[in-house]
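In: sequence below, structure please.
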Amino acid sequence: MREREAMLVARFYAPGDIRLEEAPEPQAGEGELKIRVRNCSTCGTDVKIHRHGHHHIVPPRVIGHEIAGEVVQAGRGAAGWSTGDRVQVIAAIPCGACTDCTRGRQTICPNQESMGYHYDGGFAEYLVVPAKVLAVGGVNRIPDGIGFAEASVAEPLACVLNGQEIAGVGEGDTVVVTGAGPVGCMHVRMARARGAARVFLVELNRERLDMSAAVVSPDAAIAGDPVEEVLRLTGGRGPDVVITAAASNRAQEDAVRMAARRGRISFFGGLPKDDPVIPLDSNAVHYRELSILGANGSSPAHNRRALELVASGAVPVADLITERLGLGEVPKAIETVAAGSAIKVTVEP
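Out: Predicted structure coming up:
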């Protein structure tokens, strides 16, 4: 029997310790797909894992969860898939059987697992997509005209779509997006695609704000005190929707201060685990009838629709990818994300 070929993987061992290693190529089992990874993009979660680890990750683990590639082997029972199929893979894996899943609320599945956490992820030349991913429709065909890098960005875009659906972003809204990283940029474009009349982008880092605003062209790019400037721009009324696309306590507090009466506030970016509490003016929520909404990841359906939005041109993402690095440069890719010196960084194994 022929020995398995060797492949390269970037494995997380401990905070600050990611190693490029050789490993045997995995083989697809019952109901599984083996894919050749073409792009695995990086995000702020990878930064957190690299620096602090994660309670769902038992090292050593191949991380990376924004995955696109091509099928090289379909296991028995993986019907409908063939060698050469171009695919995008979900990150968050709902169980599909719990009360929340059966009610269509897969993003809050209490049994959720994730690629790159519970299963080896995309910072590798090859990976096996678990059968439970296929069982919930978590492998999506990449539409014609979309490259692998763009397809990998469909995963965070799916999360953006979920957040804006929950917040009800729609025709005529004035929307404030706090945080000018790649997710903030996608929120600006998604809000426009959903019919927002004006979209303002807020970011304390002037250099990062200028870099992102030059690409996504918000109606206003705001540094400094966002509350005062947003209220000025809205004639004192405030925005209909505020989306905090940053892990910032201040951003959440400012959102409550600036939102219009009956405004919707999306706490899209989670706060640090050791500092998750903010002061809240409950009377402001009460008298102004504010809605404060959470947003957590995306469902398989969100991923499919995100790919369609990219393919149609409604939400372009290609120009957000400003850094492309090889598999041996995963630590550099993650640190580039942390530094904020690029908009979107992708790894090409």
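
In: any idea which helix or strand in the chain has the lowest mean pLDDT?
Out: Here the helix or strand of the chain ranked lowest by mean pLDDT, DSSP states H and E is helix 44-52, holding a mean of 94.

In: tell me the buried residues in that helix?
Out: G44, T45, D46, V47, K48, I49, H50 (16 or more other CB atoms under 10 Å). (Each C-beta comes from the backbone N, C-alpha and C, glycine too.)

In: likewise for stretch 211-229?
Out: For stretch 211-229, by 16+ other CB under 10 Å, it's M211, S212, A213, V216, P218, A220, A221, I222, A223, P226, V227, E229.

In: in strands, which of the residues you listed appear?
Out: A220, A221, I222 (DSSP state E).

In: check what pLDDT the second one gets.
Out: Translated: A221. Here the pLDDT value assigned to A221 is 98.

In: ok, it to G29 distance?
Out: Computed as CB to CB, to the nearest Å, the A221 to G29 distance reads 50 Å.

In: ok, I343 next?
Out: Taking CB to CB, one finds I343 at 38 Å from G29.

In: looking at these two, which is more packed in?
Out: Neighbour comparison, I343 and G29: the larger count goes to I343, with 24 against 15 (by other CB atoms under 10 Å).

In: my read: that one touches S212, true?
Out: Yes - if you go by CB atoms under 8 Å, I343 and S212 touch, sitting 6.0 Å apart.

In: roughly how far does P279 sit from L8?
Out: In terms of CB to CB, P279 sits 48 Å off from L8.

In: more neighbours: these two, which one.
Out: Comparing P279 with L8 by other CB under 10 Å, the one with more neighbours is L8, at 16 against 9.

In: quick one: list the elements packing against whichever strand or helix holds the more buried one.
Out: Element membership of L8, judged by DSSP states H and E, is strand 6-14. Strand 6-14 is packed against strand 17-24, strand 61-62, with contacts defined by 3 or more CB pairs under 8 Å, 6 or more residues apart in numbering; DSSP states H and E.

In: can you dump the C-alpha atoms of that strand in PDB for me?
Out: Written as PDB, here are the backbone C-alpha positions of strand 6-14 (Å, rounded to 0.1, in the frame of the first residue of the first chain):
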ATOM      1  CA  ALA A   6       3.300  14.600   2.800                       C
ATOM      2  CA  MET A   7       1.800  18.100   2.900                       C
ATOM      3  CA  LEU A   8       2.600  21.400   4.700                       C
ATOM      4  CA  VAL A   9       0.500  22.700   7.600                       C
ATOM      5  CA  ALA A  10       0.700  25.600   9.900                       C
ATOM      6  CA  ARG A  11      -0.100  24.300  13.400                       C
ATOM      7  CA  PHE A  12      -0.900  26.200  16.500                       C
ATOM      8  CA  TYR A  13       0.800  24.800  19.600                       C
ATOM      9  CA  ALA A  14       0.500  27.600  22.100                       C
END
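
In: residues contacting that strand, please?
Out: Identification of contacts with strand 6-14 by CB atoms under 8 Å, 6 or more residues apart in numbering yields 18-25, 49-50, 53, 57, 59-64, 120, 123-126, 327-328, 330, 349.

In: kindly write the PyMOL command that selects the buried subset of those.
Out: To isolate the buried subset of those in PyMOL, counting by 16+ other CB under 10 Å, use the following:
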select buried, resi 18+23+25+49+50+53+57+60+61+62+63+64+120+123+124+125+126+327+330+349
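
In: residues near the nearest residue to G31 once chain neighbours are set aside, how many?
Out: Nearest residue to G31 in three dimensions, chain neighbours excluded: A131, at 3.3 Å (CB to CB, 6 or more residues apart in numbering). If you count neighbours by other CB under 10 Å, A131 ends up with 16.

In: and the gap between A131 and G77?
Out: Distance from A131 to G77, by CB to CB: 8 Å.

In: now for these two: what residues contact both?
Out: Here A131 and G77 share the contacting residues E30, G31, scored by CB under 8 Å, 6+ apart.

In: helix, strand, or coil at the residue nearest the centre of the chain?
Out: Centroid-nearest residue in the chain, with CA atoms, centre = their mean: P156, separated by 2.3 Å. At P156 the chain is in helix, as set by DSSP: H, G, I helix; E, B strand; the rest coil.

In: from I146, how far off is it?
Out: From P156 across to I146, the span is 15 Å (CB to CB).

In: please apply the same query to A10.
Out: A10 is 25 Å from I146, by CB to CB.

In: ok, the two, which is more surrounded?
Out: Taking other CB under 10 Å, A10 and I146 do not tie; A10 has more neighbours (25 against 20).

In: how close does the more buried one sit to L325?
Out: 11 Å.

In: could you do A245 as well?
Out: Taken as CB to CB, the span from A245 to L325 is 23 Å.

In: who's more crowded, these two?
Out: A245 (29 against 18).

In: and that one, how far from A131?
Out: On the measure of CB to CB, A245 and A131 end up 34 Å apart.

In: which residues of the stretch 101-250 of the chain fall in helices?
Out: 131-135, 148-152, 154-167, 182-193, 206-216, 226-233, 249-258 (DSSP state H, counting those that start in this stretch).
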